[in-house]
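S.K.: Got a sequence here, can you build the structure:
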Amino acid sequence: MSEKAMKGCEILLHTCGAVKKGERVLVITDDTSKEIGEAMYKCASAFTDTTMVCMPDRSTHGEAPTDAVAAAMKESDVMFSATTFSLYNSSARIEACEAGSRFVNMADYSMGMLEEGCLFTDWGEVRRLVDETKTKIVGKELSITTPAGTDFRTSIVGRHADVGYGVSRDKGEASSPPDAECAVGPADDSAEGVLVIDGSIPLPGLGVIKEPITIKVEKGYITSIEGGKEADILRDTLAGFHDERVYLAAEVGFGLNPAGTLSGRMLEDEGVLGTMHIGIGNNLSYGGTCDTPVHIDLIMKEPTCIVDGHYVIKDGKLQ
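M.R.: Numbering: from 1, shown residues only. Next up, the predicted model:
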């Protein structure tokens, strides 16, 4: 591991995870991401009691880990999840945090992310942006438009602001650095309109979008996906789950990391300041009851979002 990569691991350990001497650290990894997991293990084990577990790759974001990994998660004080697909929306992660463990998501990391880029942001400024935004996204009605053609609206009655500071310092807290965001869940069956995805979809075969994908949403669910080859990949991917719940509009998210740039990797892309994303599938973290194991983010550029008549973001700039 390079000296630069060690610095990235130290940011994750001390700034994002706030790990203290004597805490039990669990590093979770899989076959594809083992190099990242081993780097994090080397850093953490030099500081405190650390265990690393490796499992086969999951098939999508939100899929459950193996039973043995799920059990180990509940017995840790802090978890670093260096996996190919995110465990953030899995029941195992939620239950482990409810039991008091802290969770730091490192899904789909590259060694380059540990060496430079948006992990090396001003985390104090990130917290300020998150705190300012969370007060603006709770209300009754939310709408999104973009220059590419998005025209989307939803009720958010009864939904709370879910915050992502990029750090897990308190008992039970979960984060996904370098992602920093605020999000709110659409109320059941209320999302309507058109989404034009022109930013990124962090899935195999997709990433940074070359040809915009047009998605129609009716009564809370995706009803059509149109565009070029990337639209075909998204359509086929969702159909392959054989689960109608994956089409649910589950989350409206706001990227809030000033150092972020679109790269095709989920934890960088969904946190890019000036973008918004619609998460589809699992909505347990956003006040809903859809427990499908799938959660996928669809990222849009230069959004304008209005909540109850007030701008939250206009043309990609926070208001």
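S.K.: Please enumerate the strands of the stretch 201-319 of the chain.
M.R.: Here the stretch 201-319 of the chain has its strands, by DSSP state E, counting those that start in this stretch, at 207-208, 213-218, 221-226, 249-255, 275-281, 295-301, 304-307, 310-314, 317-318.
S.K.: quick one: which of these is nearest residue 104?
M.R.: In this view, the strands of the stretch 201-319 of the chain are compared for proximity to residue 104 by Cβ to Cβ, and strand 295-301 is the closest at 17.6 Å. Heads up, the C-betas are built off the backbone N, CA and C, glycines and all.
S.K.: now the strands of the stretch 201-319 of the chain in TSV, with mean pLDDT and distance to residue 198?
M.R.: Output for those, formatted as TSV (pLDDT from 0 to 100; distance: least, Cβ to Cβ, whole Å):
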stretch	mean pLDDT	distance to residue 198
strand 207-208	95	10
strand 213-218	98	8
strand 221-226	98	13
strand 249-255	97	14
strand 275-281	97	10
strand 295-301	95	5
strand 304-307	98	14
strand 310-314	98	16
strand 317-318	97	17
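S.K.: what's the closest of those strands to residue 89?
M.R.: Each of the strands of the stretch 201-319 of the chain was scored for nearness to residue 89 using Cβ to Cβ, and the closest is strand 295-301 (4.2 Å).
S.K.: that older thread, could I get the strands of the stretch 201-319 of the chain in CSV, plus columns for distance to residue 40 and mean neighbour count?
M.R.: Below are these laid out as CSV (distance: least, Cβ to Cβ, whole Å; neighbours: other Cβ atoms under 10 Å):
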stretch, distance to residue 40, mean neighbour count
strand 207-208, 23, 17
strand 213-218, 34, 19
strand 221-226, 35, 16
strand 249-255, 24, 28
strand 275-281, 26, 27
strand 295-301, 23, 26
strand 304-307, 35, 20
strand 310-314, 33, 17
strand 317-318, 32, 14
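S.K.: can you list those strands in a markdown table and add distance to residue 183?
M.R.: Converted to a markdown table, those look like this (distance: least, Cβ to Cβ, whole Å):
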| stretch | distance to residue 183 |
| --- | --- |
| strand 207-208 | 21 |
| strand 213-218 | 17 |
| strand 221-226 | 18 |
| strand 249-255 | 4 |
| strand 275-281 | 7 |
| strand 295-301 | 10 |
| strand 304-307 | 12 |
| strand 310-314 | 12 |
| strand 317-318 | 15 |
